[in-house]
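Visitor: take this sequence and fold it.
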Amino acid sequence: MMLTFLATFAVFVLVIFGMSLGWIIKRKSIQGSCGGISSIGMEKVCDCPEPCDARKKRMAREQQRRIL
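Guide: As a prediction, this is how the structure comes out:
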């Protein structure tokens, strides 16, 4: 059990070290995928035509706070 934990921890450390080394050498951070959500035809993260009631209430409260 402990050996599995140590091996997993070592792999994570190596991956993080590799990513940081790449950033140090190239000064280039990891980039996202090409297109992201828009590449599959979605306009936004939640592609619902209309928000649910809870979301509408939350949006109304936020709008009220902006007005005040």
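
Visitor: just give me how far the longest helix along the chain sits from the chain centre.
Guide: Longest helix in the chain by number of residues (criterion: DSSP state H): helix 2-26. For helix 2-26, the separation from the chain centroid amounts to 20 Å (computed by C-alpha atoms, centre = their mean, to the nearest Å).

Visitor: for it, packing partners?
Guide: If contacts are counted by 3 or more C-beta pairs under 8 Å, 6 or more residues apart in numbering; DSSP states H and E, helix 2-26 sits against no helix or strand. Where you see a C-beta, it was placed from the backbone N, CA and C, and this is true even at glycine.

Visitor: other residues contacting the lowest-mean-pLDDT helix or strand in the chain?
Guide: Least confident helix or strand of the chain, by mean pLDDT, DSSP states H and E, is helix 53-67 with a mean of 88. Identification of contacts with helix 53-67 by C-beta atoms under 8 Å, 6 or more residues apart in numbering yields Pro51.

Visitor: and Gly22, how many neighbours?
Guide: Counted with other C-beta atoms under 10 Å, the neighbours of Gly22 add up to 13.

Visitor: that one and Ile16, how far apart?
Guide: As defined by C-beta to C-beta, to the nearest Å, Gly22 lies at a distance of 11 Å from Ile16.

Visitor: with Thr8 instead?
Guide: In terms of C-beta to C-beta, Thr8 sits 13 Å off from Ile16.

Visitor: what's the answer for Ala7, then?
Guide: 15 Å.

Visitor: got it, and Ala10?
Guide: Taking C-beta to C-beta, one finds Ala10 at 11 Å from Ile16.
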